[in-house]
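**Q** how would this look folded up:
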Amino acid sequence: MKVPKISVLTPIYNTNPSDLRAMIESILSQTYDDFEFLILNDSPENIELEKIVKSYDDARIKYFVNEYNMGITKSRNKLIDMAAGEYLAVADHDDISTPHRFELEANFLDHNSHIGAVGGQVIEIKNGIECPPCPRPIHDHEIKLSLVNEEYVCNPVHSGCMIRKSALINSGVRYNEKWSPCEDRMLFLDLLPHTYFHNLKDVVLKYVWTGDNTTLRHWQKMYDLPPQIVVNARAKHPILYDEWKQLKKCTQCVPFVQHIKLFGFIPLIKIKFKHGQKKIYLFDFIQILRIK
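**A** Numbers count the residues shown, from 1 in each chain. The predicted structure is shown next:
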């Protein structure tokens, strides 16, 4: 039996049926099809989710059910142990992968053997409206600097990343239940000394904000844990933290501007970052939004 190149890892837990269908269909419609799709139901009493998964007649889907609610961290680690693929594509239960995501990420890993995890740019969808992607650091060193500060919740974005399984096996790194539900960021921090990271310039994920997001369901922990993670990261990686502090001093008064153009040349949206604020302009000069 042929071993798939990619194992797609998806834990589900009382997922909204429409979100689950959208996620599954975004995976099954990938332009790169050499993968197994492991779906692990951590809400064993929820028979509706099982019916939805089994309604898709696709041999790449492998459906499993936990005997009891194990929690997200143990479920993620269980999926890693079950995976046969060389690459592990994280696909959370309520996010949408863009059609070329696997093709782009697998191709990048194929040609960059030193990279252990690759992600990309992300479009956030709030109240049905797609927000322009905020640019994420591209190269390894920039990403590692971002992991030791509070400006990113997780980088690369976890639900849109692809991880080389050997990077986990060789390092012994797994998701740490102590940091749940921020186990994704901690995974990257634990991998930091062992491998290299990269973000593609392409959009690989549409992150849908719903009432079922882990971020929203566990908002208190998501609020409390990141500062502790940052303190932990800075203690473990003081050189990176010192460099980030110096860079912040040098750039805090210099604005960063991103332009979005219609048809590639007509100015449509300008996003300006300065002094911790984001200002969005229409046609380069009409301010329509300011976010502190």
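**Q** Helix or strand with the lowest mean pLDDT in the chain?
**A** The least trusted helix or strand in the chain, going by mean pLDDT, DSSP states H and E, turns out to be helix 214-217, with a mean of 46.
**Q** Could you pull out the strands in the stretch 101-250 of the chain for me?
**A** Assigned by DSSP state E, counting those that start in this stretch, the strands in the stretch 101-250 of the chain fall at 115-126, 129-131, 162-164, 196-209.
**Q** what's the most buried one of these?
**A** Mean neighbour count, computed with mean count of other Cβ atoms under 10 Å, is highest for strand 162-164 among these, reaching a mean of 25. For glycine as for every other residue, the C-beta is placed from the backbone atoms N, C-alpha and C.
**Q** so what secondary structure elements neighbour that strand?
**A** Applying 3 or more Cβ pairs under 8 Å, 6 or more residues apart in numbering; DSSP states H and E, one finds that strand 162-164 contacts strand 87-90, helix 101-111, strand 115-126.
**Q** Tell me the gap between the very next helix or strand once past the first one and the middle of its chain.
**A** Which is strand 87-90. Downstream of strand 87-90, the next assigned helix or strand under DSSP states H and E is strand 95-97. When C-alpha coordinates are averaged (Cα atoms, centre = their mean, to the nearest Å), strand 95-97 and its chain have centres 10 Å apart.
**Q** Same check on stretch 189-201?
**A** Taking mean C-alpha positions (Cα atoms, centre = their mean), stretch 189-201 and its chain are 13 Å apart.
**Q** Send me that stretch as PDB with only the CA atoms.
**A** Output in PDB follows, covering the C-alpha atoms of stretch 189-201 (Å, rounded to 0.1, in the frame of the first residue of the first chain):
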ATOM      1  CA  LEU A 189       8.700  27.600  20.600                       C
ATOM      2  CA  ASP A 190       9.800  24.100  21.600                       C
ATOM      3  CA  LEU A 191      10.900  23.500  18.000                       C
ATOM      4  CA  LEU A 192      12.700  26.800  17.700                       C
ATOM      5  CA  PRO A 193      16.200  25.400  18.600                       C
ATOM      6  CA  HIS A 194      15.800  22.400  16.400                       C
ATOM      7  CA  THR A 195      14.700  23.500  13.000                       C
ATOM      8  CA  TYR A 196      14.000  26.400  10.700                       C
ATOM      9  CA  PHE A 197      10.700  28.100   9.800                       C
ATOM     10  CA  HIS A 198       9.300  29.900   6.700                       C
ATOM     11  CA  ASN A 199       6.100  31.700   5.700                       C
ATOM     12  CA  LEU A 200       5.000  31.700   2.100                       C
ATOM     13  CA  LYS A 201       3.900  35.000   0.600                       C
END
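**Q** pLDDT on it, on average?
**A** What stretch 189-201 shows for mean pLDDT is 96.
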